[in-house]
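Undergrad: got a structure for you, letters missing:
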């Protein structure tokens, strides 16, 4: 994985370094990816509009993390709740006068886009409905999904998609979205208790016709009995 402190001036001669950002947000029962409008050469000197991942070249004296944050912020109009590096891949040089390209992919989580002023200009596409994309970007999405899911049971990233207070059913739904699988309810709650990730509040919320559900919050690290990854039984 590339050094995150690398800057454009340190990029090897003959290599182009780009940063792609894969932003995820909940859409119904699955995650959606943000595809932004971009201009691409049509091969005849003209440019044609198409959509793809938010992307840009690394600027001089800019770190990879800073570039990813800039691209995400410029696209969303605000910073995502989480932004982390997923990996890197490169393409071989095709012509003597062409640059080999290295692309560093980041993934980010966006909890709610319904009130975003730029929402009408955005294209949030469900993972199952993604259009045909450049091979580089399709590979970047796949690596972003894998990197995100690898963190789910080791890091509390699910809470980045929730409000400060939530029900355990809402929390389970977010974990299911991130993992792309349904979870066994009783096992999920036992795992939460064992990990000490949440603590109960004094608030309750009515959910449908059943009894009100108690609200919980993410437990601050200083209050946890211990640190432990969360393991879930899938249905």
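TA: Nice, thanks for sending it over. As the structure is a computational prediction, the values presented were derived from the model and not from experiment. Residues are numbered from 1 along each chain as shown.
Undergrad: and the average pLDDT for the helix or strand containing residue 50 is what?
TA: Taking DSSP states H and E as the definition, residue 50 sits inside strand 47-52. The average pLDDT for strand 47-52 rounds to 68.
Undergrad: test my guess that residue 217 contacts residue 202.
TA: No: using C-beta atoms under 8 Å, residue 217 is not in contact with residue 202, being 10.9 Å away. From N, CA and C alone the C-beta is placed, and that goes for glycine too.
Undergrad: just to revisit the earlier point, next structured bit after the strand holding residue 50?
TA: Once the chain leaves strand 47-52, the next helix or strand it forms, by DSSP H and E, is strand 55-57.
Undergrad: give me the buried positions along that next one.
TA: Of the residues in strand 55-57, those buried under the neighbour-count criterion (16 or more other C-beta atoms under 10 Å) are 55-56.
Undergrad: that one packs against which elements?
TA: Strand 55-57 sits against strand 15-27, helix 64-76, with contacts defined as 3 or more C-beta pairs under 8 Å, 6 or more residues apart in numbering; DSSP states H and E.
Undergrad: just want the most central residue of the protein.
TA: The residue at the geometric middle of the chain, judged as the C-alpha nearest the mean C-alpha position with C-alpha atoms, centre = their mean, is residue 108 (2.9 Å).
Undergrad: I figured that residue was touching residue 86, is that so?
TA: No: taking contacts as C-beta under 8 Å, residue 108 lies outside contact range of residue 86: 9.9 Å.
Undergrad: what residues are shared contacts of those two?
TA: Between them, residue 108 and residue 86 share the neighbouring residues residue 22, with contact defined by C-beta atoms under 8 Å, 6 or more residues apart in numbering.
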